[in-house]
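A.B. asks: Turn this into a structure:
(chains A and B)
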There are 2 protein chains.
Amino acid sequence: MTSPPALDRLRVVLVDTRNPLNIGAVARAMSNLGFRHLRVVNPYEVAFQGARSAVGASAVLASAEIFSTVGDAVADCSLVVGTVSVGPRDLQHTLQRLEAAAPLIRARLALGSCALLFGSEKFGLSNKDLSHCHWLTHIPTREEHASMNLGQAVAICLYELIRDADALVVPAGKFLASSAEMERITETLLVALRASEYPKLNSSDSFHNAVRRMVRRFHMHSGDAEFLLGMLRQMVWKMEKKK
Amino acid sequence: MTSPPALDRLRVVLVDTRNPLNIGAVARAMSNLGFRHLRVVNPYEVAFQGARSAVGASAVLASAEIFSTVGDAVADCSLVVGTVSVGPRDLQHTLQRLEAAAPLIRARLALGSCALLFGSEKFGLSNKDLSHCHWLTHIPTREEHASMNLGQAVAICLYELIRDADALVVPAGKFLASSAEMERITETLLVALRASEYPKLNSSDSFHNAVRRMVRRFHMHSGDAEFLLGMLRQMVWKMEKKK
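C.D. replies: Numbers count the residues shown, from 1 in each chain, chains lettered A, B, ... in the order given. Below is the predicted model of the structure:
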């Protein structure tokens, strides 16, 4: 997958992050999902340098930019979206569920840079931070346990941005067994049952139909049909040889 | 948000996880997103106990179940989906992008328990682990950096499952065969092949895995499993009697 140019206009902005593992995790998810521009506002300096020098730290971390205020970090962005876990706080902003937020953000990325803001692990975004935002979004977590780990929250938000509605079409992939192949299996299975003296075997249509229906329900690939037919034929050979 | 009953049938299965922080992160994401049933297979014991006793460890961790094999961990599940980062490995299974996988999993949760398998941080799922899976799914990460952090990968997969709550299917009629039933069929089929002097039979793991995968692909109802098992047992009886 290549990262579409418009998505390259997203800036992930971490405000007051304290844990270097979280900064590293954010950078890794960005790299996995095709985002490059990380900005950190007022990080705990030791944490940030720790993350940046960690083994396997990505190009994302190496090129991360440091700002001292949210205002500076979003200065070049035409849309600023804050992330919140829905809590007791009275929100002054429009709040969108992430599924609804993503197409709005994608549409705006076509027009210019956008920032997605994430607050500190402990307190989230402050009211002052929020005042820089055009609107807010949240991941639909449980009310009883709404607050997510920072690295996981960023991963989910970015995933929603690259999530492709076109992919909902189930790929065709392998060929399914034809009716003729399934009928050969049905017939061979009946021969095998006869050879095995299967007690419930009878020549009625209803028994034959039950076996045929079962084989059809197996939703068999062409290769599986051949594999299974070979097995059954071998068993038939063995049972008939010994008669 | 309350967790819809069907989603409560999902089992998140972590195989060979080594890092306690990852186990904790998985449990937290499950709790955030409304999933309760965590199963760990062969965890590094110190890591697992560390995660379980961590401050803030959730109810999910407290009730997590430990298994020594994947087979045991998925025995009661009628659908087992493995997660992979798309890499150089030749896959023997159908692979679905996560967006396409989620509606299939939700539909099957309406019929019975499903397992979502995640491999170790370093190696992912082994070929043997994969042989227990009906099909595989992957998060559409960049090819150049495909492998995600475990906690983030689980968070994204679970998010995709709850993403569209309206899409949840109302439970229908029939029950699908459990993994334990399918494993009995696999074993009995292998016994039958041995008794039949099947020429391609060998005791290698790869042959065993191929048979196991084929049986999983059959999409079997519980009644079919019983029907087929009776047939195979009869053939085994017949072939062994005549020796």
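A.B. asks: what about the strands in chain A?
C.D. replies: A:10-15, A:37-41, A:65-67, A:79-83, A:95-97, A:114-118, A:135-138 (DSSP state E).
A.B. asks: right, quick check: the fifth one against chain B, any contact?
C.D. replies: This means strand A:95-97. No - on the criterion Cβ under 8 Å from any Cβ of the partner chain, strand A:95-97 is out of touch with chain B, staying 9.4 Å away. Where C-beta positions appear, they are placed from N, C-alpha and C, glycine not excepted.
A.B. asks: domains in chain A, as residue ranges please.
C.D. replies: Chain A breaks down into these domains under automatic domain parsing: A:5-168, A:179-241.
A.B. asks: how about these in CSV, adding mean pLDDT and mean neighbour count?
C.D. replies: Listed next are the domains of chain A as CSV, based on pLDDT from 0 to 100; neighbours: other Cβ atoms under 10 Å in any protein chain shown:
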stretch, mean pLDDT, mean neighbour count
domain A:5-168, 88, 19
domain A:179-241, 87, 17
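A.B. asks: For B:Gly71, find the nearest of these.
C.D. replies: domain A:179-241 (20.8 Å; Cβ to Cβ).
A.B. asks: pretty sure A:Leu125 is touching A:Val81, no?
C.D. replies: No - at 10.9 Å, A:Leu125 and A:Val81 do not qualify as touching, with contact defined as Cβ atoms under 8 Å.
A.B. asks: picking that back up, save the strands of chain A as a markdown table, and put in distance to A:Ala225 too.
C.D. replies: Shown next, in a markdown table, are the strands of chain A (distance: least, Cβ to Cβ, whole Å):
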| stretch | distance to A:Ala225 |
| --- | --- |
| strand A:10-15 | 48 |
| strand A:37-41 | 51 |
| strand A:65-67 | 58 |
| strand A:79-83 | 50 |
| strand A:95-97 | 45 |
| strand A:114-118 | 50 |
| strand A:135-138 | 49 |
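A.B. asks: Would you tell me which of those strands gets closest to A:Ser58?
C.D. replies: So among the strands of chain A, strand A:37-41 is nearest, using Cβ to Cβ, at 9.4 Å.
A.B. asks: what's that closest one packed up against?
C.D. replies: strand A:10-15, helix A:20-33, strand A:65-67, helix A:70-73 (3 or more Cβ pairs under 8 Å, 6 or more residues apart in numbering or on different chains; DSSP states H and E).
A.B. asks: Compare those and give me the one nearest chain B.
C.D. replies: helix A:20-33 (4.3 Å; Cβ to the nearest Cβ).
A.B. asks: would you turn the domains of chain A into CSV with distance to B:Phe175?
C.D. replies: As requested, those are arranged in CSV below (distance: least, Cβ to Cβ, whole Å):
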stretch, distance to B:Phe175
domain A:5-168, 27
domain A:179-241, 13
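A.B. asks: Tell me which of the ones you listed sits nearest to B:His138.
C.D. replies: Closest among the domains of chain A, using Cβ to Cβ: domain A:5-168, at 11.0 Å.
A.B. asks: Report whether the expected contact of A:His219 with B:Met220 is present.
C.D. replies: No - with contact defined as Cβ under 8 Å, A:His219 and B:Met220 do not form a contacting pair (9.1 Å).
A.B. asks: what's near enough to touch the residue most central in space within chain A?
C.D. replies: The structure's chain A has its C-alpha centroid closest to A:Tyr159; by Cα atoms, centre = their mean the separation is 6.2 Å. Neighbouring residues of A:Tyr159 by Cβ atoms under 8 Å, 6 or more residues apart in numbering or on different chains: A:Leu33, B:Ile139, B:Ile156, B:Tyr159, B:Glu160.
A.B. asks: Point out the ones among these that are inside helices.
C.D. replies: A:Leu33, B:Ile156, B:Tyr159, B:Glu160 (DSSP state H).
A.B. asks: Looking at these, spot the one nearest A:Glu143.
C.D. replies: B:Tyr159 (16.3 Å).
A.B. asks: What are the contacting residues of the lengthiest helix in chain A?
C.D. replies: As assigned by DSSP H, the longest helix anywhere in chain A is helix A:222-241. Helix A:222-241 is contacted by residues A:174-178, A:181-182, A:184-185, A:188-189, A:191-192, A:195-196, A:220, B:189, B:192-193, B:195-200, B:210, B:214, B:217-218, B:235, B:238-239, B:242 when judged by Cβ under 8 Å, 6+ apart.
A.B. asks: Equivalent analysis for stretch A:124-137, please.
C.D. replies: A:15, A:70-71, A:74, A:79-85, A:87, A:91-98, A:101, A:117-119, A:147, A:157.
A.B. asks: Mind doing that once more with 6 Å?
C.D. replies: A:15, A:70, A:74, A:79-84, A:93-96, A:98, A:101, A:119 (Cβ atoms under 6 Å, 6 or more residues apart in numbering or on different chains).
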